[in-house]
Each structure stands twice: as C-alpha cells, then as structure tokens.
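Undergrad: Need coordinates for the following:
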Amino acid sequence: MGRIFGTDGARGVAITELTCERAMAIGRAAAYVLTKECGSERPRILVGKDTRISSDILEAALCAGLTSVGAEAVLLGVVPTPAVAYLVKHYGADAGVMISASHNSVEYNGIKLFSGEGFKLSDETEEEIEALILDRPEEITLRDGVSVGRITRIERAQADYIQHITDCVHSDLSGIRAAFDCANGSSAVTAHDLFSGMGVDGRYIAEEPDGMNINYECGSTHIEKLAEFVKARSFDVGFAFDGDADRCLAVDENGKIVDGDRIIAVISKYLKSIGQLKGDTAVVTVMSNLGFHNYMKQNGINTLCAKVGDRYVLEEMLKYGYNIGGEQSGQIILLDHATTGDGQLTAAMLLKVMTDTGMKLSELVADIKDYPQLLVNVKITEQTKGMWDKTPSIMAKIEEAERQLGDTGRVLVRESGTEPLLRVMLEGIDEQQVNTLTYAIADEVRAALC
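TA: This next block holds a predicted model:
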C-alpha cells in the first residue's frame, strides 16, 4: 500500500498531484480489475462526488478511463460518500467510486473505490490496481467502436439515499431543535430534506457550497463555530459533518463538543439496553481515550482496538460480527445499516437515542471522563516518510516518555495515511506531564526530520 492508495483511497493536491491522467488511469485499471472480479464484460460503476471545484474535472477524467475499457459509468452527482456505498448495492451495480478528499481543504481531492457489496476495496485489490497503473499498464486493452462504455446519470440518487437513512432510524424526531453544519460539502444537498422529513426543527449553516468553500472554517474540523451557534441560540444539540459527510461530531446544548468516542459510547449503551449490541462489543482504534475504555467497561461493554483508519475498524467488525465501531474523528460505522462511516446516519441515530431516552446529550455523556490527552501533528516531507522509528534521537524521546508515564498513560506515534504528517499523541493522568512530553517528542521530530 502507499504508492497510489493510502488508508482512504488515492489522495493529493488536485490536478498537480492527483492529476487527470492519474484519475483516468485509476478508472481504466479499476474497471479492468473489477471486470475480472464480477465476471461482467461491461461492469456498471457508480460515480459520486463532493462539492469541491476540482471534482467535476476528475469526474470527467475518471469516466473517460472507465468507459475507455468498456465499463458503464453511472453518474450520481453530488452525494455523500456513504450514499455511494449504499447505492452501489441498492442499484445492483458492480462497483462504486467517490471523488472526494473528505475533511481536507479545497486544494486536495481523492478517489475512493467500493465493491459491489458497498465495502471499500481490500488492500490486495487496491495493490493490484496500483500494479496495473505503475508496472503493467500494457495489460489493459482499450476498446473502440461500439465496445466503448456509456456515461449515464441517475437523478434520484439523493432521494433514494435520504429514504434509506429514514428507513434505518424509523423514528419521529419532532420536538428536537438541532443545528447542522454541512461543511459546504455533500451533506448540503441531503441534510435539510433528511432531518426535516423526520420532524427535526433544524437550522443549517455552511450549506451553500460554491466549489471553493468546502471545509473552510466550518464542518467537523472547525466545530467551534457550531458550538457557539448552538449555545447562543439555545439549540438542543448540534451536528458537524465533513466535506463528504462520512464523519459526524456533535455539540451538546451547552456548546460542549462530543467526539466520536462519546458518540460510540452513547449509541453502544443504547443498543445494549434494547438487546441489539452484537457481542456486547464496540470496535474503536488505538487513539480512543482511556477514559472511554473505563466507561465502556463500567457499562458491561467490551472494546476491541484496531489500527487507525475506518477500513481497519471495519475489518475487525466483519471478522467478529460486531455492529458498531469507529474513530474519535467521528467516522462511525453502524454495520446493521451501512458498510462505511455515515455522518448523517450517526446524527439521526443519536437523535433517536435522545428521543427514546428523553435525555439531553449532556446527560448522556456526563459519566464519560477523559484522561488528559494531547495530539500534535508534525508536518514531514516525502523524503522523511517512514524514518521516524529509525531515528535514534526520536526513539530515545519516546522511550523516556514511556518510562515517565509508566502504567498511568501511553505514547502513540504514527504517520497519517492521508496527509504528510506524523501524529504524536500522549495520554496520562497528569496534564502538565502529558503536554511536556508530547512537545518534547514533537520538537525532536521537527529537528530530526523537517
């Protein structure tokens, strides 16, 4: 993994890094591989996109690649990433593609691939596509004449996805006043109809995408504006999505941010109370707070930790048959209803819990106590990727931090799978100690690798 595809598809600065030529090559290679897997000479591949200005350009290039080898490209228009994952199976397509860089700023874009079952492609399949593009492009045969593929469009994609979420929750949410931050992204085309249709008295911000304002000072990466909005206008709750709406973070009625760990805890406890938490277990990542784990244990819920990345959370869920999992960042998988993280489904389920229990969000999360935790992102270069754990001075700082924290905390250092960053995270019972040790490691990374 890593030559083209990271932990969440192919991603880079649109047009200059994730070029039109690369998008076309991904389309050709993906269609070629998927043709072999599905056994169809003319596979139908759904194509969705987010609102960023480069998405139209990459859509055109990608579709040119798909159709040049005989695949049918079926355009969904602007939809959330989880809509592609759902609709590919709902429409009986052979695969799906989402053009999006998720929570990243507008200059980035990405290509995510889904199987006919709605799951992100396995590492092995992505590696085969990479090998065709980079090592064996001559194996791909272009079509001509009447054997090339067509490009068609489905106009009802947004409505069909909205109906799916409505059917999943199946609740009257009347009486709840909620604010929604759509990040000027994909949820801007679905959130209003979805939540008003379920009875929510909603107000929507960052719902006017212009191609350039996706994730700009809004959405789940800038949730402080939503927090102020909810508190100032006395809303019951607020939800912030990211650019492609596969993430959701919440804000309680006091403007306090509720992260993915807490959302998973609340929904897991509710599912357990109604006998629907499979294996009495939630799958999370190594980034989850120790306080979260303690809360889950106190409520008779097991936690299983996966590597960071929703694909690895999903792998563990599928392996053991669990039905809820996710990340602190708000990418939460409710496997009974979705095959990938779905921000709007998560928000609707949390509203259902509030309605069914009659409790405020602040009350639902009141007993979840966090250990002090600090995450510092250090920007690295392409040349220094993969070098941090081979650098003696950095490893010495990490070992010293682990010695000082002992059994009361932990150190986690990892490279981002989607950005050129090294993430340094420490957790412990003494906040000042955590901060001091985190910055000591981060400073050493900058000195050695930047």
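Undergrad: okay, and for the stretch 1-150 of the chain, where does confidence drop off?
TA: 1-2, 37-39 (pLDDT under 70).
Undergrad: all strands in it, in order from the N-terminus.
TA: Remark: strands assigned in the stretch 1-150 of the chain by DSSP state E, counting those that start in this stretch are 5-6, 9-13, 44-49, 72-78, 95-99, 108-115.
Undergrad: doesn't Ile333 make contact with Met317?
TA: Yes: Met317 lies in contact with Ile333 (CB atoms under 8 Å); the separation is 6.5 Å. Where C-beta positions appear, they are placed from N, C-alpha and C, glycine not excepted.
Undergrad: Can you add distance to Met198 and mean neighbour count and give the strands of the stretch 1-150 of the chain back as a markdown table?
TA: Shown next, in a markdown table, are those (distance: least, CB to CB, whole Å; neighbours: other CB atoms under 10 Å):
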| stretch | distance to Met198 | mean neighbour count |
| --- | --- | --- |
| strand 5-6 | 35 | 21 |
| strand 9-13 | 31 | 22 |
| strand 44-49 | 23 | 27 |
| strand 72-78 | 21 | 21 |
| strand 95-99 | 25 | 29 |
| strand 108-115 | 26 | 25 |
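Undergrad: To Asp210, which of the ones you listed lies closest?
TA: For the strands of the stretch 1-150 of the chain, proximity to Asp210 was assessed by CB to CB; strand 72-78 is nearest, at 12.6 Å.
Undergrad: What helices and strands are in contact with that closest one?
TA: strand 44-49, helix 55-68, helix 81-90, strand 151-153, helix 157-169 (3 or more CB pairs under 8 Å, 6 or more residues apart in numbering; DSSP states H and E).
Undergrad: hang on, the earlier thing: nearest to Asn289 among the strands of the stretch 1-150 of the chain would be which one?
TA: Per CB to CB, nearest to Asn289 of the strands of the stretch 1-150 of the chain: strand 5-6, 24.9 Å.
Undergrad: Packing partners of the closest one?
TA: Applying 3+ CB pairs under 8 Å, 6+ apart, one finds that strand 5-6 contacts helix 123-134.
Undergrad: Doesn't Thr418 lie inside a helix?
TA: No: counting by DSSP: H, G, I helix; E, B strand; the rest coil, Thr418 falls outside a helix, being coil.
Undergrad: re the thing from before, any chance of the strands of the stretch 1-150 of the chain in CSV, with distance to Arg143 too?
TA: Output for those, formatted as CSV (distance: least, CB to CB, whole Å):
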stretch, distance to Arg143
strand 5-6, 25
strand 9-13, 24
strand 44-49, 15
strand 72-78, 12
strand 95-99, 18
strand 108-115, 21
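Undergrad: Which of these sits closest to Met425?
TA: Among the strands of the stretch 1-150 of the chain, strand 5-6 sits nearest to Met425 (CB to CB), with 19.1 Å.
Undergrad: buried ones in stretch 240-259?
TA: Judged by neighbour count (16 or more other CB atoms under 10 Å), stretch 240-259 contains these buried residues: 240-253, 255, 257-259.
Undergrad: Let me see the backbone angles for the closest residue to Asp336 other than its chain neighbours.
TA: Distances taken as CB to CB, 6 or more residues apart in numbering place Asn323 nearest to Asp336, at 5.0 Å, with adjacent residues excluded. With angles defined as degrees, to the nearest 10, Asn323 sits at phi -120, psi 10.
Undergrad: Now for Asn323: which residues touch it?
TA: By CB atoms under 8 Å, 6 or more residues apart in numbering, the contact set of Asn323 is Leu271, Gln276, Leu277, Lys278, Met317, Leu334, Leu335, Asp336.
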